[in-house]
Structure formats: C-alpha cells, structure tokens
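Undergrad: Just to be clear, the model below is a prediction. Sequence and coordinates:
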Amino acid sequence: MNGTERGDFSEIPKLDVSALYGTDEGAIAATAAEMRGHLETTGFLYVVGHPITTGQIEAVRAMGKRFFALSEDEKAKIQIDKNFRGYLKFAGSTIVTSSVEQVSKPNQSESIFFMHEVAEDDPRAIAGLPLQGPNQWPDAEVLPGFRETIEAYVEAMTVLGRKMASAIAISLGLPADSLNRYFEDPTTFLRLLHYPPQPPEDGLFGSAPHTDYGFITLLAQDDVGGLEVLNKNGDWVAAPPVPGAFVMNVGDILARWSNDLFVSTPHRVINSSGRERYSQPFFFDPSMDETIKVLEPCIGPDGQEKYEPILYRDYLMERIDKNYHYRKKAAEQAT
C-alpha cells in the first residue's frame, strides 16, 4: 500500500488517462488531480487508457531486437554522433552523476538513440548548436520499415507527452495551455535498450541508480522485469511490466520546475532474469532554448525558490557530457 507522504510507497500506482483525450473538463481535472498526488508521493505511475496500441509498442520493440541482432560492424555504421543520435555500444555509459550511489562500473546495456528530427540545413544544425542535427537510421535494405515504425511511434508518444504536460499544468491550478510554449519545439529522445543477462556482481547494474534528467519519461517494458524504484525507507520497489501500460516518472527538470513539489525518484535496472531484456523509454522535455524557472503556484508562503533559473540546454548538456564515455573522450581531446 502507498501512503500520502513523499516517498511512502510499496507499489507503483496506476492512472487511467483516457479522460485527457476527451473534452469533459471535470474528468480531465479529476485525472490531473489524481496524477498530482502520485507525482508528489511516488514520482512514478503506470499510465493506462492511452490510445497507443500494444501493436505499436511491440512493433518498435521488434525493430529494436532486429537492430541489436545485427553484427557489430553493421551497428557501428551509425555509431552515436556529436548530436547524440545513433548507436551506443555495450557499456558505453557510466552514471557518475548519480545522487544515490557511487557508480564506477558502466551500465550493462547497448542502445540506439533517436531525437527530434533536425535537418542538415536547419539553422540550428548549421550553427552547430548542441544536439541539433539529423537522426541516423539503419540501412533500409537491412531493416526495411524501421524508420517508418520509429517515426510513427515518436509522433504518438509526443501527443501523449503534451497531454501529460497539460494535465500537470491543470493539477497546479494553471490554464491547460500554460506550459505549451515550452514544448512548441520539444526536446525528445526515444532510446531503444538491450540488456543482456548480467552476472551477479556488486556494483554492477543494467542501469545504475539514477534520476532522469528531463521533464517526464514514458517507458514501455517487455515482460522480463528488472526496473526498481527507491522509496523513503531505502527499499527498492519492483515496477513489474503491466501489459499496455507506460511507466511514467518525474525527471529532474520537472522537480526543479515544481520547486520539489514533484519528486524525481531514483530508480535502477538489474537484469538477473537470465533472459535478454528490451525496453524503450521516451523522454519528453522542453525546448533546448527555454529557461526553466520555478512555477509560481509552486512557491510556498515563505516565497522561497529552491532553484535559480537555468537554460535547459545548459542543464542537459552538463549531465550528458559527464555520463557518456564518447562525449568525455571528445571533451578531453578538445582541451
């Protein structure tokens, strides 16, 4: 059972968001209020009642499996680039920014990243702004239909992300569209992950204990399990797969935006199942050019703002540069 205090939970709650796709303002407000309670106490919830089909989710997972089954040479053709798009080889990241644990061993996973699409001739790409450039795609002859499947899924997930942002605004007593300008050109990441079975070893994780950087994460899991969430008692609570549900969690930038009203809860992955694990987190974040300042309804009677305003680009790049090996090497070579 879950309590009402921050971090007081022993299971991950479930929220039906079907009302957010309708026009009944009362039902939308009730859903938003229920969601606020979960974001204040758990920071995690299962999202059900959305229109994204199991078939869409599984089609993306199937494409990921096909990609990860390719040869290392084939995958390396789209090796992750300076714009954070492409294939990240196994053990290519170590979460040194973890606030939960002293992490020294790399994550036991491989992955491929897709971000919001930015054409080569886009002024942002021409100017060399961070993380602004085109996605990298596997050869269409090698993986036919891959790009189309991914792009359709990202489009549907972006709509869901906007619905959740609107509900968050409503939950704070703000107009439904009050956060829209921050997401006119959202920063989005779809990361397809493959976790091979990992050996039992102290300090070794599929994904080391961490909090997410951004606004919200919407995760689709396979049936293997392994995701765990930290409660206030220091217990790791399992977040087992629920068919058709996304696991949503608060990211650091939403916690910061809300003056810590909403909790960015530490979580980890340990794949002790003996099976291959596949997951597909979608990260829905503000535009890189937006400044994040504590929202007025989140300022208490004392008028205290716990955080100074920060440009989202600066905040994000600091964390990416510290946690991903290829970026650390590039930074060292540039000095």
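TA: Arrived safely.
Undergrad: Spatially, what comes nearest to residue 101 if we skip its sequence neighbours?
TA: residue 209 (4.6 Å; Cβ to Cβ, 6 or more residues apart in numbering). Bear in mind the C-beta positions are built from the backbone N, C-alpha and C, glycine included.
Undergrad: measure the one you found to residue 108 for me?
TA: Distance of residue 209 to residue 108, given as Cβ to Cβ, to the nearest Å: 14 Å.
Undergrad: follow-up on the earlier one: what is the burial count for the residue nearest to residue 101?
TA: The local packing of residue 209 (other Cβ atoms under 10 Å) involves 19 other residues.
Undergrad: try residue 203
TA: 10.
Undergrad: just the one 5 residues further on next, same as before
TA: When counting by other Cβ under 10 Å, one arrives at 26 neighbours for residue 208.
Undergrad: what about the residue nearest to residue 101, helix or strand, and which?
TA: In the assignment (DSSP states H and E), residue 209 maps to strand 207-210.
Undergrad: For that strand, the averaged confidence score.
TA: Across strand 207-210, the average pLDDT comes to 96.
Undergrad: What of stretch 122-131?
TA: Rounded mean pLDDT across stretch 122-131 is 96.
Undergrad: Start and end of that stretch, how far apart?
TA: The straight-line separation of the ends of stretch 122-131 (Cα to Cα, to the nearest Å) is 12 Å.
Undergrad: repeat for stretch 320-327
TA: Start-to-end span of stretch 320-327 (Cα to Cα) is 8 Å.
Undergrad: isn't residue 242 right next to residue 47, touching?
TA: No: the pair residue 242 / residue 47 is not scored as a contact, 9.6 Å apart, by Cβ atoms under 8 Å.
Undergrad: ok, back up a step: who are the neighbours in contact with the residue nearest to residue 101?
TA: Taking Cβ atoms under 8 Å, 6 or more residues apart in numbering, we find residue 209 in contact with 95, 98, 100, 101, 103, 230, 266, 267, 268.
Undergrad: and these, which are buried?
TA: Neighbour-count burial within the contacts of residue 209 applies to 95, 98, 103, 230, 266, 267, 268; the criterion is 16 or more other Cβ atoms under 10 Å.
Undergrad: out of those, who's nearest residue 139?
TA: Residue 139 has its nearest neighbour among the buried ones among the contacts of residue 209 in residue 95, at 31.6 Å by Cβ to Cβ.
Undergrad: List the buried residues for the longest helix along the chain?
TA: The longest helix of the chain (DSSP state H) is helix 146-171. Neighbour counts over helix 146-171 (16+ other Cβ under 10 Å) mark 146, 149-150, 153-154, 156-158, 160-171 as buried.
Undergrad: what's it packed up against?
TA: For helix 146-171, the packing partners by 3 or more Cβ pairs under 8 Å, 6 or more residues apart in numbering; DSSP states H and E come out as helix 25-41, helix 54-68, strand 187-195, strand 216-221, strand 277-285.
Undergrad: higher neighbour count, residue 242 and residue 47?
TA: Just comparing residue 242 and residue 47: by other Cβ under 10 Å the higher neighbour count belongs to residue 47, 24 against 14.
Undergrad: Strands of the chain, residue ranges please.
TA: 14-16, 44-48, 86-88, 110-115, 187-195, 207-210, 216-221, 227-230, 236-238, 246-250, 267-269, 277-285, 291-292, 310-311 (DSSP state E).
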